[in-house]
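Asker: Below are the sequence and a predicted model; questions follow.
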Amino acid sequence: MDSFPLLSLIVFLPTIGALVLFFLPRLGPEGTRTIALGTALLTFVASLVMLVGFDRDGSFQYRETVEWLPSLGVSYALGVDGIAAVLVVLTTLVSVIAIGWSWDTVRSRHREFFVAMLLLETGILGVFLALDLFVFYIFWEVMLIPTALLIGIWGGHRRVYASLKFFLYTLFSSLLMLAGIVATYQAYFNETGIRTLNILQLQEGQYGTDLQRWAFAAFLIAFAVKVPIWPFHTWQPDAYQAAPTAAVVMLSAVMSKMGVFGIIRYNLPLFEEGADWWAPTVITLSIVGILYGALVALVQQDLRRLLAFSSLSHMGFATLGLFVFNTQGFEGTIMVMVAHGVNSAALFLLVGILERRAGTSDINAYSGVASRMPAFSGYFALFMFASLGLPGLSAFIGEFLVALGAWEANRWAAVGTFMVVIFSAWYMLWMFQRIIFGRAPGQAPDAHDGELTPEEAEIVRTVTADTHGHGGHGHGGHGALPSPAGSGAYLPGGPVMAREDEGGDRSVPNAATRPESTATGATQPAEMAELPDVSEAYDQDVYSDQRDLAGIGRRWPDVTRKEVLLLAPLAVLTIVIGVYPAPIFDTFGPAVERILATLP
Amino acid sequence: MGLDLNLIAPDLSLAWPQVIVFVTAIVLLFADAFIPRAIHFTTLTAISLVGYIGAAFALFTQHGQNASTFSGAFRADGLTVFLSLTILVAAIATVMISASYLQNGEQVPGPNGELRIANRMPAGEFYVLIAFSVFGSMLVASAGNLIVLYIGIELSALATYVLTAFAKRRLTSVEGAMKYFLLGLFASGILLYGLAWIYGVTGSMDFDQIAFHLSRTGAGDGLGDPALLLGVLLLVVGIGFKMAAVPFHFWTPDAYDGAPTPVTAYMSVVPKAAAFAAAVRLFVQALEPLTDDWAVIWAVLAVITMAFGNIVAIAQRNVKRMLAYSSIAHTGYIMVGLAAYTRGGPIQDQAVSSLLFYLLAYTFMNIGAFAVVTWLQQRGMGMTLDDFNGLASTKPLVAFAMTIFMASLMGIPPLLGFYAKYYVIVAAIDADLLWLAVSVVVASAVSAFFYLRIVAVMYFNQADGAPRAVPTGMLSAGIGVLAVATLLLGLFSSPIIDLADAWSSAQTFLPEAAGR
């Protein structure tokens, strides 16, 4: 096609941005983040242009094909169908939000951070748009190193461990897929005498039963690690807990979708017979994952880990819907992906907002947030309800459709998945209750009176510092409940927070990016099941930074303008998708029908 | 045939690159003696670079050729061109990364903890030895009979033995050189014995004559002939030593660790390339009729080598030793290309192409990795993993280059190493050796452990202090060139693949000769 290479533009705009940053080392934080955000916005606009010009039929559009390595049958081929179109726009939007969030939360090495984020975006977009297995594989692997660096450099709790674990898990599984890719390529060559890696051509091939089964498994494992499907998920809680907020937003909202997308684009059309053979296994694993994720989420003490297991549970719906092989299930899968993308991005942002204020993602460190941050609590409630599948909000549609599809295929599977809705309501509501409601500990009873006078503040400071001393060391900081003593430790947290006008990188103690907290974090035992010693990690900040002590007793600032700017689009989306999902269905519907038609 | 004028009046126009390198070596020898001290170093460096670059350009005269001269002892064909190109690239890179090392030596902690300069090397001898070693390796690549092949291997190796011992005040250097020398001589003896057996069985020195003879007589029962079997096994052992294949690798870690680092960079690539050149010439060209028998041997060796190299590398804290084991592992990957050369149409040609491509890719990334180690050593660091701590915050560009080399050695796309590994895997699956392909995959995954560790300490750890400023212009330029090549050559690898595919001109005469 000779027309304008829009897809290449979308894929490589972030790379260009990254190159600009790389070759202009003296930009400083301001210039760096301006360029990064500008690039992400441009990419988003380009993807919207693509969506507007997209014909809602099942075909691949905007196709570009350039011969690349002819002797191996590799060509640079891009194209977009309805499913990819939806996910591309989701990716570019989430990238804008993640980079926007990083605007003032990155505290060191700005340039490297934004280069890594932009390269990550290129990798993800390339995966969605590639029509050649070789090109696809390159994009698939390209994002490994930026992601590992994002977790390892700017991460929090046990960042190095999480980073390496993520890298090795993903690399190993992808290499298996590489063997599968080459075997498929070879089988097609033996059959037709044509050397090609173009996915549309390879789909025409008839592959032997053995190859179908093992190559399907090789591809599936690579994708299952990314989704993740139980039991390939063990990297996920660690990575989600350690990664900086911007990276975890990308990981949970977009990268997990790449796995499901890979199954849709490669596993199902290439190996129909293999899909048929493996379907019962994948369905079983998905249901186990849905149940397991929900149950384990119940007992998590850490917000990020809770959301990680919740993701495992929700993405189980996505893989379940695929492998029941009917329209409801398939369309439900895509809706689950879209909704989960929006909701998990928002939930992790909300966690990030809390962490900025108190420096921890430990659930027990919080209570009564509602009285301090009412608007925040509103957003939190919205996304919590959206995530647990309240009808009228985004997640409901997808999960309902998947359950319908599962009912058609296997009633017991459907019963299992319906049951989980109860669990997910349980863990989400319980978490919500613990964090948002309850009495804000240590807060003056008449908090609505506004600010304390300096004298009062001084008294409160002395008292709370004392209680903290007893609480923190007397009980070893392991009070299981947010008792006044234990939580007094974080009361001074309020003032540590940055007001927006302070602007800045410097004044915002984000646990995820703060060297001291990572140092303490690294020495802690592997599992967060017992409470991390929040108070110790915390008072290092408070007492090392005297100027913040004056503001004791002030309310935590509610969501700032910037944070609202990031949350509002997601909030609108989650409501609109829940109320009027038809445009999305129109976009990906024909592509779903096309793929289903090829399946037995 | 009558009087062979070829030997008396050889057609030198077929051998321009080799002649240029040889002349360079001689000129260096004299220049070392006669150039005044003030411009001594600069002149010698310039002569080396000009010689190698000129030879690389002269390769164009051999491109597309398929001819022999010196009575068939010297061949100019696709194989010659590609292998010589690899060797010359390695030579140019070596000169670039060793220039500042020759001037300033490395910095080692003295008795009082103060850094002092040590292991300065005499530039003249260094350049001359490199030049002769390069010439020897190129001779192997263009060998047309057993004698030239052996002479080339010996010339290449002898110079490298001396280079290994160049840090003569450091015990490990002498020890490594001693081990390398003794085991290398031993291996040469075995190789020579094997060559003798092959000659004894087939009655000829020329590769094509050997192939012709075997295709008529020996191929019937393959290696059932005990004399032939013995000869082939001796060849495998001898060449296995030279290419550092497990279980013939024992000299490698000590020699690599002891040698001055630029020499390590050189000897991890060029003698290995010469050994693979010998392997291709001997096995693919001369012993072609016995393919079904020897391919299995290489396949098994490849798996052992990959597994051993990667697993032992994990245990290393010393970066040079780690890279030594890593280079053993890469020998295994390259060997897969040899093992995948099994009968069956056009596919087998691609096996050798993948081997050649891997050699070239390995040249860039491995010399690059050693170049970064050199860079650190010139600043008093670089021997252990801890020396890489926080390099990303003090020297981001060097850390970035090292990341590229490590990721490329790991096989992460879109870097050069990925393409190399991809072609090798394709070759293995082409040859129906799925288990071999899976071994490559598993070995690569294992290798990620130790390559990644270097990246992790550079980016995740705190720096102990900024490296001191030492002027190393040429070295930095060399690292930059190698990093950019590793980053970009993969994306534009199509012409390189075509060049590698042209190797098959080396064997086109064979089917005619054998009447197949």
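Answerer: Nice, thanks for sending it over.

Asker: Check what pLDDT the residue positioned nearest the centre of chain A gets.
Answerer: Nearest residue to the geometric centre of chain A (CA atoms, centre = their mean): A:Ser252, 1.6 Å. As predicted, A:Ser252 sits at a pLDDT of 91.

Asker: contacting residues for B:Met383?
Answerer: Neighbour list for B:Met383: B:318-320, B:377 [criterion: CB atoms under 8 Å, 6 or more residues apart in numbering or on different chains]. All C-beta spots, glycine's among them, are computed from the backbone N, C-alpha and C.

Asker: One more: A:Ser163?
Answerer: A:Ser163 neighbours (CB under 8 Å, 6+ apart): A:148-149, A:151-152, A:155, A:239, A:242, B:456, B:460.

Asker: ditto for B:Leu234
Answerer: B:190-191, B:193-194, B:197.

Asker: The same query, at a cut-off of 7 Å, please.
Answerer: B:190, B:193-194, B:197 (CB atoms under 7 Å, 6 or more residues apart in numbering or on different chains).

Asker: now B:Ser133
Answerer: Residues counted as contacts of B:Ser133 (CB under 7 Å, 6+ apart) are B:156, B:159-160, B:270.

Asker: in what helix or strand does it lie?
Answerer: Assigned by DSSP states H and E, B:Ser133 belongs to helix B:123-141.

Asker: distance between that helix and the chain's centre?
Answerer: Computed by CA atoms, centre = their mean, to the nearest Å, the separation of helix B:123-141 from the middle of its chain amounts to 13 Å.

Asker: Show me what counts as buried in it.
Answerer: Judged by neighbour count using 16 or more other CB atoms under 10 Å in any protein chain shown, the buried positions of helix B:123-141 are B:123-141.

Asker: got it, and stretch A:3-20?
Answerer: A:6-15, A:17-18, A:20.

Asker: same thing with stretch B:47-66?
Answerer: Buried-residue list, stretch B:47-66, by 16+ other CB under 10 Å: B:47-49, B:51-52, B:54-56, B:58-59, B:62, B:65-66.

Asker: Point out the ones among those residues that are inside helices.
Answerer: When DSSP state H is applied, these are split such that B:47-49, B:51-52, B:54-56, B:58-59, B:62 fall in helices.

Asker: ok, back up a step: residues making contact with the next helix or strand after the helix holding B:Ser133?
Answerer: Scanning forward in sequence from helix B:123-141 by DSSP H and E, the next helix or strand is helix B:146-164. Applying CB under 7 Å, 6+ apart, the external contacts of helix B:146-164 come out as B:73-74, B:129, B:132-133, B:135-137, B:139-140, B:143, B:173, B:176-177, B:180-181, B:184, B:188, B:191-192, B:195, B:198-199, B:205, B:242, B:255, B:258-259, B:263, B:267, B:270-271, B:274, B:278, B:281.

Asker: Selection in ChimeraX covering whichever of the residues you listed are buried, please.
Answerer: The buried subset of the contacts of helix B:146-164, as determined by 16+ other CB under 10 Å, is captured in ChimeraX by this line:
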select /B:73,74,129,132,133,135,136,137,139,140,143,173,176,177,180,181,184,188,191,192,195,198,199,205,242,255,258,259,263,267,270,271,274,278,281
